[in-house]
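> Quick one, fold the following:
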Amino acid sequence: MRVIVVGGGVVGTMHAWQAVERGHEVVQIEREAEARGASLRNFGQIWVSGRAGGEELDTALRARELWERIGAEVPGLGFRAIGSLTPVRNPREYAVAEAAAARPDAAARGYELVTAAEAREINPALRGAFEAALWCERDAAVEPRTAQLHLREALRATGRYTFLPGREVRELAGPGAVRDDHGDVHRGDAVVLATGAWLSGLVRELVPDLPVRRVRLQMMQTAPLGEPLTTSVADADSFRYYPAYKSAALDELNSGQAQAPIAAEHKMQLLMVQRQDGGLTIGDTHEYEHPFAFDTLEDPYEHLTEVVESFLGRPLPKIRRRWAGVYAQCTDTTRVVHRQQVADGVWLVTGPGGRGMTCSPAIAETTANELGW
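Residues are numbered from 1 along each chain as shown. Got it, this is the predicted structure:
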């Protein structure tokens, strides 16, 4: 079988991985010289802890298994089973963490409510003031800026993979075939359009009423911390954002403890993970209304800096990079992904909504199974 994958981000690359792993030939087409969207502009977190139950949690847990397996084959991914800690600082936040740790699926997620002292044993860099923390053993991390490069290197080594950058697919050219902006036609037994947040052009022509929206976020990265941050770190605002934390205790938190005005305005939470060079990737904000701003705002970064410093108990290293990114999210946020056959031999896979890095291996596996690869 010959598979054409359109899109060089992590969802597209994992579809290429699944096809090659099953013995097929793959041509992957990317409109940029390298993928530059949400697959690079993210935390690199394999984030199980906040996922909704049912299909979303099952997908995240399966993806976690696949990431570990692929990471053993491709060491350059920098896969690290580091887990995560969410420190809590008062009784309302503690109650939400306690309710999460009491969930029927808490063991599957690796949840455990730990004391502040126990949290510092797990992550000694957390020297600031907090009362306890929610530990999630199943969370992990990879290096998002280089992951696709290393995956493609491994794919090329099979002799059954070709990467074609700098080509934008403009139209379908028959069953299982597409034509790019160089005029070349690429034919296969199946085409997967994994175009991420690029929802215009051919995608709009094929699905004018696509139930997927775009979301913008801001992030930053620091100079090396100078010591290991042994886990990912979140704050209690993440309880308000992720569906796993819904509970009466969360209702009480929302009604009795308002977010900081800047955090509320920009729909913020803290997520933080250390890169292999020692720097910290920190975010994030959420912007849903179009048109998106073209610039980044300083107030959210200042808020995140204050939160991080309160947990670390020390000044944040110098900020070296700031950026904004856009990802695609199903308008029905309970859906893991939008997967649709849009023409004979052509499928569209998009809209994982901030879960792409976490769930992409399992999303691709499901596509491969459903298409009978």
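
> How about the contacts made by Arg322?
Each residue near Arg322 by C-beta atoms under 8 Å, 6 or more residues apart in numbering is listed here: Gln218, Met219, Met220, Thr296, Tyr301. Yep, even glycine has a C-beta here, placed from its N, CA and C like the rest.

> Look up how far Leu85 lies from Thr230.
9 Å (C-beta to C-beta, to the nearest Å).

> who has more neighbours, these two?
Taking neighbours as other C-beta atoms under 10 Å, Thr230 and Leu85 compare with Leu85 leading, 27 against 17.

> isn't there a strand covering the more buried one?
Yes: assigned with DSSP: H, G, I helix; E, B strand; the rest coil, Leu85 falls within a strand.

> isn't it right next to Leu126, touching?
Yes: applying C-beta atoms under 8 Å, one finds Leu85 in contact with Leu126, separated by 7.0 Å.

> Which parts of the stretch 101-250 of the chain are strands?
Ranges of strands in the stretch 101-250 of the chain, per DSSP state E, counting those that start in this stretch, are 111-115, 132-136, 140-141, 161-165, 169-172, 177-180, 185-187, 190-193, 212-222, 232-234.

> Mind checking those strands for the one nearest to Thr331?
Nearest to Thr331 among the strands of the stretch 101-250 of the chain is strand 212-222; the distance by C-beta to C-beta comes to 5.5 Å.

> Among the strands of the stretch 101-250 of the chain, which comes closest to Gly356?
Nearest to Gly356 among the strands of the stretch 101-250 of the chain is strand 212-222; the distance by C-beta to C-beta comes to 11.5 Å.

> give the contact list for Glu118.
Ala133, Trp135.

> what's the distance between it and Trp47?
For Glu118, the distance to Trp47 equals 22 Å [C-beta to C-beta].

> ditto for Glu121
Glu121 is 23 Å from Trp47, where distance means C-beta to C-beta.

> Neighbour count: those two, which is higher?
Legend: neighbour count by other C-beta under 10 Å for Glu121 and Trp47, higher for Trp47 (29 against 12).

> The more buried one contacts Val142, correct?
No: counting by C-beta under 8 Å, Trp47 does not reach Val142; the two are 11.3 Å apart.

> Now for those two: what residues contact both?
Common neighbours of Trp47 and Val142 (C-beta under 8 Å, 6+ apart) are Met357.

> ok, Arg314 touching Arg127?
Yes: between Arg314 and Arg127 there is a contact at 6.7 Å, judged by C-beta under 8 Å.

> Which of the two has more residues huddled nearby?
More neighbours surround Arg314 than the other of Arg314 and Arg127, with 14 against 11 (other C-beta under 10 Å).

> Switch the strands of the stretch 101-250 of the chain over to CSV; also include mean pLDDT and distance to Ala343.
Shown next, in CSV, are those (pLDDT from 0 to 100; distance: least, C-beta to C-beta, whole Å):
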stretch, mean pLDDT, distance to Ala343
strand 111-115, 98, 43
strand 132-136, 98, 41
strand 140-141, 97, 37
strand 161-165, 98, 20
strand 169-172, 96, 5
strand 177-180, 98, 10
strand 185-187, 98, 14
strand 190-193, 98, 8
strand 212-222, 96, 18
strand 232-234, 98, 40
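
> Make TSV out of those strands and add mean neighbour count and distance to Gly283.
Putting the strands of the stretch 101-250 of the chain into TSV (neighbours: other C-beta atoms under 10 Å; distance: least, C-beta to C-beta, whole Å) gives the following:
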stretch	mean neighbour count	distance to Gly283
strand 111-115	17	23
strand 132-136	25	18
strand 140-141	26	14
strand 161-165	18	27
strand 169-172	19	31
strand 177-180	20	34
strand 185-187	16	36
strand 190-193	26	28
strand 212-222	20	4
strand 232-234	27	11
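
> wait, which of the ones you listed is closest to Trp17?
Across the strands of the stretch 101-250 of the chain, closest to Trp17 is strand 161-165 (C-beta to C-beta), at 9.1 Å.

> what helices or strands is the closest one leaning on?
Counting contacts by 3 or more C-beta pairs under 8 Å, 6 or more residues apart in numbering; DSSP states H and E, strand 161-165 is packed against strand 25-30, helix 147-156.

> Can you tell me which of these is most buried?
Highest mean neighbour count among the helices and strands packed on strand 161-165 (mean count of other C-beta atoms under 10 Å): strand 25-30, with a mean of 22.

> now that one, how far from the centre of its chain.
Relative to its chain's centre, strand 25-30 lies at 22 Å (C-alpha atoms, centre = their mean, to the nearest Å).

> That strand pairs with which strands, and in what direction?
Based on DSSP bridges, the pairing partners of strand 25-30 within the sheet are strand 2-6 (parallel), strand 161-165 (parallel).

> re the thing from before, pull up the overlap in contacts between Thr230 and Leu85.
Both Thr230 and Leu85 are contacted by Ile122, Asn123, under the criterion C-beta under 8 Å, 6+ apart.

> okay, the nearest residue to Pro243 once chain neighbours are set aside: pLDDT?
Using C-beta to C-beta, 6 or more residues apart in numbering and skipping the chain neighbours, the partner closest in space to Pro243 is Ala52 (3.9 Å). Ala52 carries a pLDDT value of 93.

> Any idea what the closest residue in space to Phe292 that isn't next to it in sequence is bridged to?
Excluding its sequence neighbours, the residue lying closest to Phe292 (C-beta to C-beta, 6+ apart) is Arg216, at 4.5 Å. Judged by DSSP bridges, the bridge partners of Arg216 are Glu287, Val326.
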